[in-house]
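Colleague: any chance you could fold what I've pasted below:
(chains A and B)
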Amino acid sequence: MVMKTEPLVLNIGPAHPSTHGVFRMRATLDGEVIIDVEPIFGYLHRGIEKLAEERTYQQFIPLTDRLDYVSAMGNNMAYCMAVEKLAAIPVPERAEYIRVIMAELQRIASHLIAVGSFLNDCGAFMTPILYMVREREKIVDLFEMVSGQRLTYNYMRFGGLSQDVPDEFLPALRKFIDQMPRYLDEYDQLLKENEILLARTKGVGILSKETAINCSMTGPMLRGSGVPWDLRKADPYSVYSRFEFDIPCGARGDSYDRYRVRVEEMRQSVRIIRQAMEQLPVGPVRSKTPVMLIRPPAGEVYSHVESPKGELGFYLVSDGSIAPYRCHIRGPSFINLTALREMIVGWKVADAIVIFGSIDIVMGEVDR
Amino acid sequence: MVTFDLVFPAWQFKGLPPDWPGGFWWHFIVFSIIILAFVLTLVIMFIWFERRTLGRMQARMGPNRVGPFGLLQAMADAIKVMLKEDIVPNGADKLVHLLAPLVAFVPVLMVFAVMPFQDGAALVNLNIGVLYVMAVSSISTLGIFMAGWGSNNKYTLISAMRDVASVVSYEIPVVLSLAGIVLLAGSLSLNDIVRSQAQSVPFVLLQPLGFIVFFLGGMAEINRSPFDLLEADSEIVAGFHTEYSGMKFALFYLAEYAEALVLSTLVATFFLGGWGGPLLPPWLWLIVKSWAVFFVLVWIRATVPRVRIDQLMTFSWKFLFPLALLNLVVTAVEVVAWPEALPVLLIPVNIAVGAVLVILLSRNFKPGGSQVEA
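Modeller: Alright, predicted model coming up:
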């Protein structure tokens, strides 16, 4: 007897424990197997790009914090670099070093959340993410020291930083950097070789090199597929060319590789911060630029940084006025979602969650 | 009154002191109260213990506000849950939705009818105890399936399907792993099993393989992590109890922990010598042993990720099932060949055989599962 079956349409999200915000997947299931998936987003759309046109250049900095709110420092830096390029504003050396330290700390913080929630999606009941949040808390404390904020820092300005780091910052940073490798070992000890984790993630959600490049993926997604592309090396901005670090790469492009790439990147970030602290010069942290209003010459500029999730780019068009004529943001979270369907179709519901978790998106950046 | 019908013919008045007043009804009432008190108190303690232990393992505090060490947190939760609105979703099958928590919870209590708290002290010393335990404990599955089906929700339906699939496949290795014990003890009665352990050694030493299979299979049957697929919160929200609130949800919650208690007490009874032990009173030994087993459950939950549904099935059919079969064969041969063998001789042999079999099977075990061509 042949039973008549029909596919089941299952809405995963927008209010679901592991859609990391308000992402929604409309999945068509055949039993447990996903035969089609359609990503639907826009639930967090705030029109940030349009808001940029309604504000002065300076006023837009706090809004960049709200893009990828897990890595606000990186967004600040990317936007400030774009405006500095547009208006040709110099940045003092000390400010560049502190920016790099902040960006790398932010990368560690963002990856901690990414890896932690990925492992949580695999079903490790809260333990890894709580361990990682414990360390993220220390980074957030450091950010609070320099900017007074714990999530949206609004720390960078055109031509430097809003203020120099306080005296107690560097000793605290030194302490954290000395501790961090041990904590990373602890996470690895907990789950790196776990049989169940390997069974759940090895070979699951393979993203081939070609697909990754064709979908213009960046960040740990691309590196997990084995393409050693990192803007810090490929197009060195700020003072990254002065540091020694490696680009960790995966081999197969599965979820496990992406998880490992993120963990290794944290180790590299620790390395970069250590070098930056050694080389940190003294001097001003802000060049002499008009504080409130800048009028960049008419023209356009694209500037990008390697944010924790990939290439974060700001495209600005200026008409010579106090506000950008157009601001476009290349959000890596959004573009990394391109291959979602290819990766998920054919896997089971549980795998879909794991694969989705391994992409590491933040809805603030996807919907903007 | 299924218990009553089932146990009445088999009931024997031998576990109590001879001068115990009254007849069957006294015994019935007293033991019902003992069982209720035992289960509910221990379940509340287990909930507290799990939350506190998980807290310690996860670098946080756990509940610590209500009462000393947060001991009264469960009471506070109970009051909260009773005051909550009872929501029945649109399109739900109201009767099934209402009955499901009861069907899930009551069988768990019924298992304790044959549980010996000390020598001969059980509601009934059933001579087919093992069979009764296995049969009754799987009725809960029906309750979970009713919840999943009756809620008119796709997540709960997926969860219900997963539960039925996992219980159907894990019953077999679990029952087979107990067959080895029955062979050794020569009886299906739980009390006789404990008694024969008190005379020789705890069966965990004589049946290491059976212990592993029973423990892992039991974990899968009561849906403890890493086999907690039907309430996999990261995948299918809350699984079968997604659409439950108020007291109905509380019953599911109680049933879940009562099942963990059942597994812990069963492992203690079958493998760790049950009520047997020096110095402490027998019932306390049972609690201590169950608590130790429950600690391992919590420990595992705090550590490992969750398996996938196909890996769950593979693990049962390709790993636990052959292991349980081989264990049964080895035990049967031993029982027939050396019926009078001393435990001192059998323990090293069985542990060695168990280790070799586990290593061989796990070498060749592939959890499997791959992308399906769409």
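
Colleague: what residues does the stretch 51-200 of chain A have near chain B?
Modeller: A:119-127, A:130-131, A:134, A:190-191, A:194-197, A:199-200 (CB under 8 Å from any CB of the partner chain). For the C-beta atoms, the positions are set from N, CA and C on the backbone; glycine is no exception.

Colleague: restricted to buried residues, select these in PyMOL.
Modeller: Remark: buried members of those, expressed as a PyMOL selection using 16 or more other CB atoms under 10 Å in any protein chain shown:
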select buried, chain A and resi 119+120+121+122+123+124+125+126+127+130+131+190+191+194+196+197+199+200
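
Colleague: the strand or helix carrying B:Trp48 - contacts with which helices or strands?
Modeller: If you go by DSSP states H and E, B:Trp48 is part of helix B:24-57. If contacts are counted by 3 or more CB pairs under 8 Å, 6 or more residues apart in numbering or on different chains; DSSP states H and E, helix B:24-57 sits against helix B:73-82, helix B:94-111, helix B:246-271, helix B:282-303.

Colleague: wait, which of these is closest to chain A?
Modeller: With CB to the nearest CB as the criterion, chain A lies closest to helix B:282-303 of the helices and strands packed on helix B:24-57, at 5.1 Å.

Colleague: what comes up buried for that closest one?
Modeller: Neighbour-count burial for helix B:282-303 flags B:282, B:285-287, B:289-291, B:293-294, B:297-298, B:300-303 (criterion: 16+ other CB under 10 Å).

Colleague: B:Leu361 should be in a helix, yeah?
Modeller: Yes - assessed with DSSP: H, G, I helix; E, B strand; the rest coil, B:Leu361 lies in a helix.

Colleague: residues contacting it?
Modeller: B:Phe319, B:Pro322, B:Leu323 (CB atoms under 8 Å, 6 or more residues apart in numbering or on different chains).

Colleague: tell me how far the second one lies from B:Leu360.
Modeller: This points to B:Pro322. 10 Å (CB to CB, to the nearest Å).

Colleague: of those two, who's got more company?
Modeller: B:Pro322 (18 against 13; other CB atoms under 10 Å in any protein chain shown).

Colleague: separation between the more buried one and B:Leu357?
Modeller: B:Pro322 is 9 Å from B:Leu357, by CB to CB.

Colleague: then B:Pro173?
Modeller: Distance from B:Pro173 to B:Leu357, by CB to CB: 13 Å.

Colleague: kindly report the same for B:Arg65.
Modeller: Distance, B:Arg65 to B:Leu357, using CB to CB: 49 Å.

Colleague: could you find the closest non-adjacent residue to residue 203?
Modeller: Chain wasn't specified; assuming chain A. A:Asp254 (5.2 Å; CB to CB, 6 or more residues apart in numbering or on different chains).

Colleague: nope, chain B
Modeller: Take B:Phe203 and drop its neighbours on the chain: the residue closest to it by CB to CB, 6+ apart is B:Phe271, 5.0 Å away.

Colleague: which of B:Pro173 and B:Leu357 has more neighbours?
Modeller: Using other CB under 10 Å, the more surrounded residue of B:Pro173 and B:Leu357 is B:Pro173, with 28 against 18.

Colleague: name the element the more buried one belongs to?
Modeller: helix B:154-185.

Colleague: next helix or strand past that helix?
Modeller: In N-to-C order, the element after helix B:154-185 by DSSP H and E is helix B:190-199.

Colleague: which strands and helices sit next to that next one?
Modeller: helix B:129-137, helix B:154-185, helix B:246-271.

Colleague: let's see that with 7 Å instead.
Modeller: helix B:154-185, helix B:246-271 (3 or more CB pairs under 7 Å, 6 or more residues apart in numbering or on different chains; DSSP states H and E).

Colleague: most packed of these?
Modeller: Counting by mean count of other CB atoms under 10 Å in any protein chain shown, helix B:246-271 has the highest mean neighbour count of those, with a mean of 24.
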